[in-house]
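Student: can't give you the sequence, but here's the structure:
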């Protein structure tokens, strides 16, 4: 995901996913013996490059914004790639007070470097003969340039990587879950290397043989790092899904499109750590995670349908944007916290409902949402006094569901639970 030139966390993720997929495609062509000099290079030449017996460089673009399927969005990128890798560069000494002056000459390289632009969207008006470009960009060696558009997509890249990983093992010997685990393990390594590249400015080449060893590792555990990179990636991807399918000819949907796109872009720019904090301590504050049961917690931790039915609908329905760092709407000196609470609690609560509520209240207190007046849910509405009464009077819950480490009878602050539909009406009044 990208907002044009602005770097974003999921932009790095998609870049890393495409790089990983292309690298494994090469690995699969090598058989058992991968030459030592075959390697993946991250942000050394372009977004990534692959060195085999030749060098191939790749630029990756995935836009959510309007016009992402039109050549105009990418024309400058294509021109820049061709200038850099098909034409020679001239460097002149600047006059006094000026630095070096660089420009691309009219002379073509004797040996152009193969370069490619990879885009998430299919570019509907791109022509392979570059008839819409000036003659400079029509006079290239087309066997050493390609636009790969609509092939490696945000919605299919995980499946494409999994299919390539699966080719490295005998048929039906590795489960879908373990394939996904291997994919995320490799992706975690690559994203960390991209982050390190930005921090230190040092470039590191990853031998393709090393990537193959990552995949073949038998002792990969579903640890906290893999849990969170998977959750954050899934959350941002799920939230952005409706952006591409709104009917922009419909004024209401065009408005929803712009609001949700702004939300997705703003959240993406928070970066991994802050989005993780938002999920863990805010919108899923009612859910606990145990390092001993990460696989089980992962399966139940977040549901795409709930993200759409609460967060997407809130962004569409409320006239002003929330604070994106915590997804809180501030209105009339009251704070409304978006959450992913979707349970249908009866009134009065049954014993089972009380057990569930006890867990919610305990976890919310542990996350110290002391600044919240209302926690937004899909189906539950309790005013502040009702929540306070429930917290202090869940006495018939079996002892084995209580937790002595936290006193749920002494809430940090009274808050209410409120249905999203009622919240939208409140915030529009």
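Tutor: Done, it's in. All values reported here derive from a predicted model rather than from experimental measurement.

Student: any idea of the mean pLDDT for stretch 162-172?
Tutor: On average, the pLDDT along stretch 162-172 is 92.

Student: So which bits of it are buried?
Tutor: By 16 or more other Cβ atoms under 10 Å, the buried positions in stretch 162-172 come out as 162, 164, 165, 166. Bear in mind the C-beta positions are built from the backbone N, C-alpha and C, glycine included.

Student: swap in stretch 33-40?
Tutor: Under the neighbour-count criterion of 16+ other Cβ under 10 Å, stretch 33-40 has 34, 38, 39, 40 buried.

Student: Return the residues in contact with the nearest residue to the third one once chain neighbours are set aside.
Tutor: In other words, residue 39. In space, and not counting its chain neighbours, residue 39 is closest to residue 205: 4.2 Å by Cβ to Cβ, 6 or more residues apart in numbering. When contacts are counted by Cβ atoms under 8 Å, 6 or more residues apart in numbering, residue 205 touches 39, 40, 41, 44, 51.

Student: Residue 205 and residue 43, how far apart?
Tutor: Taking Cβ to Cβ, to the nearest Å as the measure, residue 205 falls 11 Å from residue 43.

Student: How about residue 168?
Tutor: Taken as Cβ to Cβ, the span from residue 168 to residue 43 is 26 Å.

Student: likewise residue 49?
Tutor: In terms of Cβ to Cβ, residue 49 sits 9 Å off from residue 43.

Student: Return the subset of the contacts of residue 205 lying in strands.
Tutor: Using DSSP state E, the members of these that fall in strands are 39, 40, 41, 51.

Student: For those, name the two members farthest from one another.
Tutor: 40 and 51 (8.1 Å; Cβ to Cβ).

Student: of the buried residues of stretch 162-172, closest to residue 231?
Tutor: Checking these one by one against residue 231 (Cβ to Cβ), the nearest turns out to be residue 162, at 18.1 Å.

Student: In which helix or strand does the residue lying closest to that closest one once chain neighbours are set aside reside?
Tutor: Leaving aside its sequence neighbours, residue 162 sits nearest to residue 179 (Cβ to Cβ, 6+ apart; 4.9 Å). For residue 179, the element it lies in under DSSP states H and E is helix 176-200.

Student: helices and strands around that helix, which ones?
Tutor: Using 3 or more Cβ pairs under 8 Å, 6 or more residues apart in numbering; DSSP states H and E, the elements in contact with helix 176-200 are helix 9-30, strand 39-42, helix 157-166, helix 208-216, helix 224-240.

Student: what comes up buried for it?
Tutor: Quick answer for helix 176-200 (16+ other Cβ under 10 Å): 179-191, 193-194, 197.

Student: what does stretch 145-161 give?
Tutor: Buried residues in stretch 145-161, counted by 16+ other Cβ under 10 Å: 145, 147, 149, 152, 153, 154, 157, 158, 160, 161.

Student: Excluding chain neighbours, what is closest to the second one?
Tutor: By the measure of Cβ to Cβ, 6+ apart, the closest residue to residue 147 outside its immediate chain neighbours is residue 117, 5.0 Å from it.

Student: ok so that neighbour is a strand residue?
Tutor: Yes: residue state for residue 117 (DSSP: H, G, I helix; E, B strand; the rest coil) corresponds to a strand.

Student: Could you count how many residues lie near it?
Tutor: 23 (other Cβ atoms under 10 Å).

Student: Can you tell me which of the ones in strands among the contacts of residue 205 is nearest residue 236?
Tutor: For the ones in strands among the contacts of residue 205, the nearest to residue 236 is residue 40 (24.0 Å; Cβ to Cβ).

Student: Any figure for the gap between the closest one and residue 169?
Tutor: Residue 40 is 21 Å from residue 169, by Cβ to Cβ.
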